[in-house]
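[1] Could you work out the structure for the sequence below:
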Amino acid sequence: MAEDDEDPKERLNRKLIELLNEVRVALPGVQVLFAFLLILPFSQGFETVTDLQKGVYALALACAAIASLLLIGPSAYHRHRWRQLDQETMHEKEEMLVAQSRFVIGGLILIALAVTGVVFLIFDVLFSTLAAGLASCAMIAAYAWFWYGLPLSRRRGGGPDSVVRSDAGRIR
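    Residues are numbered from 1 along each chain as shown. Just a heads-up that it's a prediction; the model follows:
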């Protein structure tokens, strides 16, 4: 269905479905990363890590755990509210969609930080702290550009990925 043919309720429902589908893509990756991080302290040689490595490990683990929480949040909210969704006003549904979008964006930021932490750990063990810092900076720059800079620049430029809002501020 073309976006122009959708009424506001159909558009909002489509946006919610798209959001939940996006979560389905991101969630397995963070869960695998979290599982890897959970078993790491119980592996041989973990007792030899430095205090810096322990700190980075703890931050990466926390980021992965909170990312899981944020990415599962929209599905949990939808599951608890699915019967009421038809009775809610368009404004309430839009507020819910905006809040859930923020959960997903927060989860993605934390995934980027968790993966960057793991990259730091691996480079620090294999090469040096300097190499780990450089690799981590490169990862953060790549995440910032591909996950945020590029999409936001397309939206501001009015390209095909731009978000269109009506005078009432509703997402189209």
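[2] same for the helix ranked longest in the chain, what does it pack against?
    Longest helix of the chain, by residue count under DSSP state H: helix 90-126. Packing partners of helix 90-126 (3 or more Cβ pairs under 8 Å, 6 or more residues apart in numbering; DSSP states H and E): helix 8-39, helix 51-81, helix 129-143. Using the backbone N, CA and C atoms, a C-beta is placed for each residue, glycine as well.
[3] and the helix or strand of the chain with the lowest mean pLDDT, how far from the chain's centre?
    None of the helices or strands of the chain scores lower by mean pLDDT, DSSP states H and E than helix 150-156, at a mean of 79. Its chain's C-alpha centre and that of helix 150-156 lie 17 Å apart, by Cα atoms, centre = their mean, to the nearest Å.
[4] Make JSON lines out of the helices and strands packed on helix 90-126 and add distance to Phe120.
    Listed next are the helices and strands packed on helix 90-126 as JSON lines, based on distance: least, Cβ to Cβ, whole Å:
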{"stretch": "helix 8-39", "distance to Phe120": "13"}
{"stretch": "helix 51-81", "distance to Phe120": "5"}
{"stretch": "helix 129-143", "distance to Phe120": "4"}
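[5] quick one: Ile105 from Asp51, how far?
    Applying Cβ to Cβ, to the nearest Å, the value for Ile105 to Asp51 is 32 Å.
[6] same deal with Ala144?
    For Ala144, the distance to Asp51 - Cβ to Cβ - is 28 Å.
[7] quick one, which of the two is more surrounded?
    Between Ala144 and Asp51, Ala144 has the larger neighbour count (other Cβ atoms under 10 Å), namely 13 against 7.
[8] For burial, what's the neighbour tally of the residue nearest to Phe34 when sequence neighbours are not counted?
    Excluding the flanking residues, the one nearest Phe34 by Cβ to Cβ, 6 or more residues apart in numbering is Ala64, at 4.2 Å. Here the number of neighbours of Ala64 (other Cβ under 10 Å) works out to 27.
[9] mind listing what Ala64 touches?
    For Ala64, the contacting residues are Val30, Leu33, Phe34, Leu37, Leu110, Ile111, Ala114, by Cβ atoms under 8 Å, 6 or more residues apart in numbering.
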